[in-house]
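> how would this look folded up:
(4 chains)
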Protein chains: 2
Amino acid sequence: MSEPRWLTPDQADVWAKYRRVRRELQRAQDQQLQQDSGLSAADYALLAPLSESAGGVLRARELGAEVDWERSRLSHQISRMEKRGLVTREPCADDARGSMVRLTEKGREMIEAAAPTHVETVRRLFFDPLTSDEVRLFGDFLDRILGAVERDSR
Amino acid sequence: MSEPRWLTPDQADVWAKYRRVRRELQRAQDQQLQQDSGLSAADYALLAPLSESAGGVLRARELGAEVDWERSRLSHQISRMEKRGLVTREPCADDARGSMVRLTEKGREMIEAAAPTHVETVRRLFFDPLTSDEVRLFGDFLDRILGAVERDSR
DNA sequence: AGCAGCTTGTTGACATGTCACCGACTTCGC
DNA sequence: GCGAAGTCGGTGACATGTCAACAAGCTGCT
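Below is the predicted model:
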């Protein structure tokens, strides 16, 4: 078996940094959301598109498309949020297979209370350390990596 | 309540991209590892430092420090890996509270079979799309974000 | 109309991760 | 020595995520 091409020290360094940022940034956000609002990142992910939709109602399929989650993940999360009174489920008039997810009053209050602080945290941790030119460059790098990942999936 | 500073469209774009890369890259790696080696990312994370340690044995505390995991997370993961025969637990001679984690022969075979392909995937998806100058710049951006997150935690 | 095949949502089993807590042991100050 | 405080590993409860399978309904072809 031939020796594989390992990462250069520089690459190993950047790779470790990437994983660390991924974890620490996630952790910081989870904690901020939980402490300030009592919401998890998963709660927030679903409440955000719901609160922006007309009437605070979305068909489960649409909600799933917004966040790009698998159906089972979505269903489990909705069940947990339903139990805590953040959303309710209703049958879908158009399609008897379907299920409508409705934001409750409590759910709306919680997302509206959470959003400003959450956005402020994203700005402070992710954008403030970079100039706007650098943000553009960062986005460019991410685009190329995403392209490689997508090519890889096919 | 004053209107909070929302993200600019450019920022919202980059933020969405970042989250997408975070998720898709993770998914691609999990899948590659699972399919090619039958290992999960969590398995790999623990097997890697173990395989590089003298004798393939580490005290749980040291292993935890290597990967920077909480003790309970580590303990749960070791239990699952023990059940699958990747590692064994032994009492620690120096410190009766302690626990030594030993790589089994099977565990060593699996990590050694998995590593080259895993590294190759990291290279292809993460590094090949960028020049080495860009990788350096990327690392610089990550450093600054990490700095902001760490300042935030204190 | 009728049937095959697709879509939609749910469920159960399991892997992973966090939190609070416990029990045992070690360390430190006295 | 000895007791308080800290360290270490583990456990149970729960939240989150993935996968396979299912039930029900929809769609398109004949």
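> for stretch A:57-65, what is the average pLDDT?
Stretch A:57-65 shows a mean pLDDT of 97.
> residue A:39 against residue A:47, yeah?
Yes - in this structure, residue A:39 is within contact of residue A:47 by Cβ atoms under 8 Å, at 7.1 Å. Any C-beta I mention is one placed from the backbone N, CA and C, and that applies to glycine too.
> which neighbours do those two share?
Residues touching both residue A:39 and residue A:47 (Cβ atoms under 8 Å, 6 or more residues apart in numbering or on different chains) are A:110, A:111, A:114.
> from those, which land in helices?
Judged by DSSP state H, the subset of the shared contacts of residue A:39 and residue A:47 located in helices is A:110, A:111, A:114.
> nearest residue to the last one in space, please, no chain neighbours.
The shortest distance from residue A:114 to any non-neighbouring residue, by Cβ to Cβ, 6 or more residues apart in numbering or on different chains, is to residue A:37 (3.6 Å).
> next: the second one.
Distances taken as Cβ to Cβ, 6+ apart place residue A:47 nearest to residue A:111, at 3.9 Å, with adjacent residues excluded.
> and the one you found, how far is that from DNA strand D?
Per Cβ to the nearest atom of the strand, to the nearest Å, residue A:47 is found 11 Å from DNA strand D.
> test my guess that that residue contacts residue A:77.
No - applying Cβ under 8 Å, one finds residue A:47 not in contact with residue A:77, separated by 10.7 Å.
> spatially central residue for chain A, please.
Most central residue of chain A, judged by C-alpha distance to the mean C-alpha position with Cα atoms, centre = their mean, is residue A:45 at 5.0 Å.
> can I assume that residue sits in a helix?
Yes - counting by DSSP: H, G, I helix; E, B strand; the rest coil, residue A:45 is part of a helix.
> ok, the closest residue in space to it that isn't next to it in sequence - contacts?
Distances taken as Cβ to Cβ, 6+ apart place residue A:67 nearest to residue A:45, at 5.3 Å, with adjacent residues excluded. Applying Cβ under 8 Å, 6+ apart to residue A:67 gives the contacts A:45, A:46, A:49, A:74.
> give me the low-pLDDT residue ranges for chain A?
A:1-4, A:154 (pLDDT under 70).
> what parts of it come near DNA strand C?
Taking Cβ under 7 Å from any atom of the strand as the contact definition, chain A meets DNA strand C at A:27, A:31, A:59-61, A:64, A:71-72, A:74-76, A:78-79, A:89, A:92, A:95, A:97-99.
> show me the strands in chain A, by range?
If you assign secondary structure with DSSP state E, the strands in chain A sit at A:57-59, A:87-91, A:99-103.
> turn the ones you listed into a markdown table, columns for mean neighbour count.
Formatted as a markdown table, the entries for those read as follows, by neighbours: other Cβ atoms under 10 Å in any protein chain shown:
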| stretch | mean neighbour count |
| --- | --- |
| strand A:57-59 | 18 |
| strand A:87-91 | 16 |
| strand A:99-103 | 20 |
